[in-house]
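> here is the input, now give the coordinates:
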Amino acid sequence: MKAQIQRLLNKAGYRIERIRQALPGQSLFVLDYLLYVLNERRAGAVSFVQIGANDGLQEDPCRAWISNFPWEGVLVEPQAHLATSLRAMYRHNQRIAVEQALISDKPGFATLYYLRESKNTPSWASGIASVSKNTISSHRHKIPGFDSLLEEEIVPAVTFNQLLSKHGISKFDYLQIDAEGSDYQILKGVEIAKFKPAIICYEHANLTHEDNSACRELLSSHGYEFASWLGDTVACSRELSLVSEDRAEFLGVPGTARR
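Numbers count the residues shown, from 1 in each chain. Reported below is the predicted structural model:
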């Protein structure tokens, strides 16, 4: 069946690519390809900040790289039980820090909406916690008993600069943001001209049209180029501008991968 589907897509000029295969191999996601190039150029020593780390496993773009190379960075996750799990996961890795907090434009505390774990709560629901009740409620139709599972909690909030200062971060190559609708607000607090990360990836799916446009305008003004898929956007500096011929050669296929 897969082969038949692939043949039909080939005729239309498309090719299926598996996602979240984050190390050299067969087909790679656009982000994973860029991370591969970045990892090569940094000789395996990539510095990063990941905001919205969730459980560190589901669709996580950093996990395989952290496990196989001397990546160094901080994982930010506001849900206490997930932050605890992340600390346990990386307890033997001194290069990885975990911060249980929200990234905000001002320090203090904020309300986080999330779904309580139960037999009706799908595993992916841990990734939809949000400071916006409207954003998390957009998933109501997907989860039986959604309203009975919805909880709110007051969690710590820090600014992006406070996060960097606390963990002694003076530079980072890669910024990953998955903040369920707060991505632009977080991005505005990043001194992009100062740090110039090679890769910035954020989730645009829950942004308003205005905020999504503002994200692109902000990053474009600093010379970033873009690739988008489903609900995410990756912005890369000129250092890592995606060259289709290079990617085709890396994948070992004729021509370029199109979507």
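> ok, residue 126 to residue 78 distance?
11 Å (C-beta to C-beta, to the nearest Å). Using the backbone N, CA and C atoms, a C-beta is placed for each residue, glycine as well.
> more neighbours: these two, which one.
residue 78 (25 against 19; other C-beta atoms under 10 Å).
> confidence score at that one?
In this prediction, residue 78 carries a pLDDT score of 96.
> and what of the one 3 residues further on?
At residue 81, the pLDDT value in this model is 93.
> begin at 21 from now on, thanks
Okay, residue one is now 21; in that scheme the one you just asked about reads as residue 101.
> pretty sure it sits in a helix.
Yes: when classified by DSSP: H, G, I helix; E, B strand; the rest coil, residue 101 is found to be part of a helix.
> tally of neighbours for it?
By the criterion of other C-beta under 10 Å, residue 101 has 13 neighbours.
> helix, strand or coil for residue 205?
Taking three-state DSSP, the label given to residue 205 is helix.
> scratch that, residue 248
Here residue 248 is strand, with the state taken from three-state DSSP.
> you'd agree it is up against residue 224?
Yes: here residue 248 reaches residue 224: they are 6.9 Å apart, a contact under C-beta atoms under 8 Å.
> which of the two has more neighbours?
Neighbours were counted for residue 248 and for residue 224 using other C-beta under 10 Å; residue 224 has more, 19 against 14.
> read off the pLDDT value for that one.
94.
> tell me the contacts of it?
Residues near residue 224 by C-beta atoms under 8 Å, 6 or more residues apart in numbering: 203, 232, 235, 248, 251, 252, 253.
> can you check residue 142 too?
Counted by C-beta under 8 Å, 6+ apart, residue 142 has contacts 162, 163.
> okay, now residue 251: neighbour count?
As a burial measure, residue 251 scores 12 neighbours (other C-beta under 10 Å).
> wait, it sits on residue 225?
Yes: taking C-beta under 8 Å as the definition, residue 251 is a contact partner of residue 225 at 2.8 Å.
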